[in-house]
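Colleague: When you get a sec, could you give me coordinates for this:
(chains A and B)
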Amino acid sequence: MASETTAGAIPTSAGEEQGIWGYSRAQFVALIVLAGILVVGPYFLYPVFLMKLLCFALFACAFNLLIGYVGLLSFGHAAYFGMGGYIAGYTAKAWGFTPEVAILAGAAIAAAQGAVFGWIAIRRQGIYFAMITLAMAQMVYFFCVQAPFTGGEDGIQAIPRGHLFGLIDLHDDMAMYWFVAAVFLIGFLLVHRIIHSPYGQVLKAIRENEPRATSLGYRTDDYKLVAFILSAMLAGVAGGVKSLVFGIATLTDVHWSMSGEVVLMTLVGGLGTVFGPVIGAAVIVAMQNYLAEMGAWVTVIQGGIFVICVLAFRRGIIGEIANLLRVKL
Amino acid sequence: MDEIFGIPAPLLFGQLLLGLINGAFYAMLSLGLAVIFGLLNIINFTHGAQFMMGAFVAWMLLAWAGVGYWGALILAPLIVGATGVVIERLMISRLYKLDHLYGLLLTFGIGLIVEGVFRNYFGSSGLPYRIPDALQGAWDLGFMFLPIYRGWVVVFSLVICLATWLVIEKTRLGAYLRAATENAPLVQAFGVNVPRMITLTYGAGVALAALAGVLAAPIYSVNPQMGTNLIIIVFAVVVIGGMGSILGSVLTGFGLGVVEGMTKVFWPEASSTVIFVIMAIVLLTRPAGLFGRA
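Modeller: Numbers count the residues shown, from 1 in each chain, chains lettered A, B, ... in the order given. Now for the predicted structure:
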């Protein structure tokens, strides 16, 4: 397990770039399956539940872009997720933005925030990076408690879903579902596109051996910062979509425990796998849904999953399956 | 002496004292984090939960066993430290060969478990803990009233910080510890039982957190969330100070507590974020931290 020494269980890239659209054959099959589930899903499961799941799946994919492909553990991703939600919710409600513009506004602010915080945080590595991002996110949380536009403890309520492009009414759950599924798929493919671009190759080089990447003439800090901004932006999109789906943006989404949850989702699914964050988000969201009446025990169970994953199950669900089938997923 | 910079003196000194008390907790907690980080190379995310456990064990000792404050001051850190030793042996010790981020994730998970369990049994509302009789009341200092217990917290935590510094810098045990921080295999080759030292170091760091928890019990209400918000600020304190020096973390802890208290006087809205802003400024100017080694 050479991969266990440098970046932990994060699998090293084997460099097989042929296949279909940069996907290996196994990944392509999995992508078709995923698309199939997206299409038939709402006829079997409650669409709102699926939309929640897709929001978190996109959030986890954004987070995985950093931890899985650059090796940066951000412990404050709730700041971008929650801020994206607040901005999208506020602009949709107070300024009457159409949903797509509101979400883009949320993503833009989240990206700007990511640019500033990323610029500060990439000055340190490893554990310090995690602590700094966590502290920055806590600052955003305190800001959101006090700022007038967030509504403090009440949050922003009754956010209208509005009309997509001013035309399609999204108040129907199925219409909203197709919109959310489309956004998720675009985000998911974008992450894939990023990590398979020449830029993504440099990111992986930085993950494997940063001093070497530097010695080859790459400005690693610039690469890391752009990855951080992209990740923050996608997290902002996920947060914006979530606030439109539920019509509410609250402090829960900027709280540090949300940052912990996205780490957990990615860890359960498999760090550095393409499909892991999606599966991990599905597992954790479903678990919260079915165990909701157990109150604080949910926290205990989440903590337990963390401990088990770290001690015995570091590849995550998708990582284990991929290892079993000897493919990359 | 009534007003300083247009601020009523009692308010100013009151916030100064409050800042010193918060600083005392920052200092003790960041000290524990630094000691653990030095040898184990992990950031102990369970630290906040262990601080909370210290306060709860003190409460349990009083409510269930009739052991008062002074007994708890010794017993609670020992009990919580012992749980730390168990955690290190059973779980953390399996991760030393892996990326340090796994240690962070593991301790974060353990913290969630501990907090969740306490919330289940004790609720979120908080339990009162009485100030011991000997430390009741307040002194009139002329310009302000000093509640004796609060003065005690500041003095006692200073003593603890100094004692920790003395142990690490001036004793043979501390010399082993510093040597192992630099190069553990070499120290082991000289016949020092390094794994046991690592275990005990973790236990000691945890005991420091629990001791801070006992000190905090009469000031804050004893509740399961008391550690979490505090520990995030302490992480910022650690980033500002850098974990290289013991005295550095103590100074940074107290200093930032005072800064926070003063911000409460002059610009209350910013008081919850000022430490994070300072962290950002320090990172931009001295990325290794004020006392850190680059």
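Colleague: ok, now which ones touch the residue nearest to residue B:31 when sequence neighbours are not counted?
Modeller: Distance criterion Cβ to Cβ, 6 or more residues apart in numbering or on different chains; nearest residue to residue B:31, sequence neighbours excluded, is residue B:249 at 5.4 Å. Every residue, glycine included, has its C-beta placed from N, CA and C. Counting by Cβ atoms under 8 Å, 6 or more residues apart in numbering or on different chains, residue B:249 touches B:27, B:30-31, B:33-34, B:237-238, B:241, B:243, B:291.
Colleague: got it, and residue B:274?
Modeller: Counting by Cβ under 8 Å, 6+ apart, residue B:274 has contacts B:259-260, B:263.
Colleague: where does it land on pLDDT?
Modeller: Residue B:274 carries a pLDDT score of 90 in this model.
Colleague: repeat for the one 3 residues further on
Modeller: At residue B:277 the predicted local distance difference test score is 89.
Colleague: What distance do you get for it to chain A?
Modeller: Going from residue B:277 to chain A by Cβ to the nearest Cβ, to the nearest Å gives 7 Å.
Colleague: For residue 88, grab phi and psi.
Modeller: Because you didn't say which chain, this covers chain A. phi -60, psi -40 (degrees, to the nearest 10).
Colleague: wouldn't it be in contact with residue A:243 here?
Modeller: Yes: between residue A:88 and residue A:243 there is a contact at 5.4 Å, judged by Cβ atoms under 8 Å.
Colleague: give me the residue from chain A nearest chain B.
Modeller: residue A:306 (2.6 Å; Cβ to the nearest Cβ).
Colleague: What helix or strand is the one residue in the stretch 1-150 of chain B that gets nearest to chain A located in?
Modeller: Across the stretch 1-150 of chain B, no residue is closer to chain A than residue B:109, which sits at 2.6 Å (Cβ to the nearest Cβ). Using DSSP states H and E, residue B:109 sits within helix B:100-122.
Colleague: Show me what that helix is packed against.
Modeller: Applying 3 or more Cβ pairs under 8 Å, 6 or more residues apart in numbering or on different chains; DSSP states H and E, one finds that helix B:100-122 contacts helix A:126-146, helix A:256-269, helix A:297-312, helix B:47-65, helix B:226-241.
Colleague: sorry, back to before: which one of the contacts of residue B:274 sits in the busiest neighbourhood?
Modeller: Of all the contacts of residue B:274, residue B:260 has the most neighbours under the rule other Cβ atoms under 10 Å in any protein chain shown, reaching 23 neighbours.
Colleague: State the helix or strand in which that residue lies.
Modeller: Assigned by DSSP H and E, residue B:260 falls in helix B:246-266.
Colleague: same question for that helix, mean pLDDT?
Modeller: On average, helix B:246-266 scores 89.
Colleague: The helix or strand just after that helix vs helix B:246-266, what angle?
Modeller: Sequence order places helix B:274-285 as the next helix or strand after helix B:246-266, per DSSP H and E. Between helix B:274-285 and helix B:246-266, the angle comes out at 130 degrees (axes from the mean of the first three to the mean of the last three Cα atoms, to 10 degrees).
Colleague: where does chain B have low pLDDT?
Modeller: Within chain B, the stretches with pLDDT under 70 are B:1-4, B:293-294.
Colleague: In it, where's the longest helix?
Modeller: helix B:9-40 (DSSP state H).
Colleague: other SSEs contacting that helix?
Modeller: helix B:47-65, helix B:148-170, helix B:172-182, helix B:194-216, helix B:226-241, helix B:246-266.
Colleague: So which residue is dead centre in chain A?
Modeller: Central residue of chain A (Cα atoms, centre = their mean): residue A:59, 2.2 Å from the mean position.
Colleague: which residues does that residue contact?
Modeller: Contacts of residue A:59 by Cβ under 8 Å, 6+ apart are A:77, A:81, A:234-235, A:238-239, A:262, A:265, A:281.
Colleague: ditto for residue A:234
Modeller: A:58-59, A:61-62, A:65, A:107, A:187, A:190-191.
Colleague: What is the neighbour count of residue B:271?
Modeller: Residue B:271: 19 neighbours (other Cβ under 10 Å).
Colleague: Let me know the next secondary structure element after the lowest-mean-pLDDT helix or strand in chain A.
Modeller: One helix or strand of chain A scores below all others by mean pLDDT, DSSP states H and E: helix A:3-6, with a mean of 38. As assigned by DSSP H and E, the chain's next helix or strand after helix A:3-6 is helix A:25-44.
Colleague: Count the residues that sit near residue A:312.
Modeller: Neighbours of residue A:312 using other Cβ under 10 Å come to 8.
Colleague: in a helix, that's where residue A:73 is, yeah?
Modeller: No: counting by DSSP: H, G, I helix; E, B strand; the rest coil, residue A:73 is not part of a helix but coil.
Colleague: ok, so of the contacts of residue A:59, who is nearest residue A:98?
Modeller: If you rank the contacts of residue A:59 by distance to residue A:98 using Cβ to Cβ, residue A:239 comes first, at 17.6 Å.
Colleague: what's the burial count for the closest one?
Modeller: So residue A:239, with other Cβ under 10 Å, has 35 neighbours.
Colleague: Next, the contact list for residue A:305, please.
Modeller: Residue A:305 touches A:264, A:268, B:109, counting by Cβ under 8 Å, 6+ apart.
Colleague: need those in a markdown table with neighbour count, can you?
Modeller: Listed next are those as a markdown table, based on neighbours: other Cβ atoms under 10 Å in any protein chain shown:
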| residue | neighbour count |
| --- | --- |
| A:264 | 24 |
| A:268 | 27 |
| B:109 | 27 |
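Colleague: Show me which of the residues you listed is closest to residue B:17.
Modeller: Nearest to residue B:17 among the contacts of residue A:305 is residue B:109, at 36.9 Å by Cβ to Cβ.
Colleague: Which residues are in contact with that closest one?
Modeller: A:302-307, A:309-310.
Colleague: now swap in residue B:205 and tell me
Modeller: B:32-33, B:35-36, B:44, B:47, B:84.
Colleague: please redo it, this time with the cut-off set to 7 Å
Modeller: With contacts defined as Cβ atoms under 7 Å, 6 or more residues apart in numbering or on different chains, residue B:205 is in contact with B:32, B:35-36, B:44.
Colleague: if we can go back for a sec, same list, the contacts of residue B:274, but as JSON lines with distance to chain A please.
Modeller: Below are the contacts of residue B:274 laid out as JSON lines (distance: Cβ to the nearest Cβ, whole Å):
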{"residue": "B:259", "distance to chain A": "15"}
{"residue": "B:260", "distance to chain A": "12"}
{"residue": "B:263", "distance to chain A": "12"}
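Colleague: Please consider this matter closed, and thank you.
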